[in-house]
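*Asks:* I'll drop the sequence and a predicted model, then ask my questions.
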Amino acid sequence: MYIICDNGTHREMTASEIAEQEQYLAAIEQIKQERELKATERQAVLDRLGITSEEAQLILGGSN
Amino acid sequence: MPNTKAYAVARSGLTLISATPVSGANAVNIDGCFTSTYTNYRIIYSGTTNTNSGGYDWVYLQYRSGGTTNTNGSYDGYVTRFNSASSTTQLANYQNATIGHELNQAGNGMCNVLDIFSPQATEYTSLATNGIIGQITGGYNRAIQTHGYGFFKNTTSFDGIRINSGAALMTGTVFVYGYQKS
């Protein structure tokens, strides 16, 4: 069950809104997987270089 | 002798259009907030969401026209996200997205300031947003600062928005202001 605040009125989503929301969640899941894959690839590069993520950030100009 | 001095009228620069309280909702629609009265708008959302499962309960902004949410794949943009716990910055871009502009992650204490440019006119609509999210439940102890920029690459005229938090439930208030033209 999904709840929508529709211009101030809280109600359950209609069937068409639920379908839209499930498409939205599927798209979010795809983005999540793509970003996790990028993070894995990034870690593999760091491992090859023998440096930590924090050290990479220092090289790239990051700071506290 | 009459006082003939002229005094300037004080103006705030912003006019409140709507304030919408949200309590435990996956999404919030605000329709009719964009009109020909204003060209540019500021939206402030402050509140919280009930989950932060891996930080992937993201919050997105979608535009609406006549009560219909636009999902036609015209949302482009990118976000930068600084994580206080790891001192790392994540960069993410998106093109041809159907789910809107990425605003923030879900969590405890979430706020975003959005400037939306020319949504009502039949012009391209742009977005700039800054936000902060605190994540202190779900195994986290961190603040995440987010900057986002978006471009809707069609000249569609919009009259409303949807803020969508996916599986997470939002509680808070959404304020919509219009920038005065003079």
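*Replies:* Received, thanks.
*Asks:* in chain B, where is pLDDT below threshold?
*Replies:* B:1-11, B:51-56 (pLDDT under 70).
*Asks:* return the residues of it in contact with chain A.
*Replies:* Residues of chain B found near chain A (Cβ under 8 Å from any Cβ of the partner chain) are B:20-32, B:54, B:56, B:58, B:60, B:69, B:71, B:86-89, B:92, B:94, B:97-99, B:164, B:166-167, B:169-170. Just so you know, the C-beta spots here come from the backbone N, C-alpha and C atoms, and that holds for glycine as well.
*Asks:* what's near enough to touch the residue most central in space within chain B?
*Replies:* Nearest residue to the geometric centre of chain B (Cα atoms, centre = their mean): residue B:114, 4.4 Å. Counting by Cβ atoms under 8 Å, 6 or more residues apart in numbering or on different chains, residue B:114 makes contact with B:42, B:43, B:44, B:45, B:61, B:103, B:127, B:128, B:129.
*Asks:* can you pull the contacts of the residue of chain A found nearest chain B?
*Replies:* Proximity to chain B, evaluated over chain A using Cβ to the nearest Cβ, is greatest for residue A:5 at 4.1 Å. Taking Cβ under 8 Å, 6+ apart as the criterion, residue A:5 is in contact with B:20, B:22, B:23, B:25, B:27, B:28, B:29, B:170.
*Asks:* the helix or strand harbouring the residue nearest to the centre of chain B - which strands sit beside it in the sheet, and in what orientation?
*Replies:* Per DSSP states H and E, residue B:114 falls inside strand B:108-117. Neighbouring strands of strand B:108-117 in its sheet, by DSSP bridges, are strand B:40-49 (antiparallel), strand B:125-135 (antiparallel).
*Asks:* so what's the residue count around the nearest residue to residue A:12 once chain neighbours are set aside?
*Replies:* Nearest non-adjacent residue to residue A:12, counting by Cβ to Cβ, 6 or more residues apart in numbering or on different chains: residue A:1, 5.8 Å away. Using other Cβ atoms under 10 Å in any protein chain shown, the number of residues around residue A:1 comes to 6.
*Asks:* okay then, goodbye and thanks.
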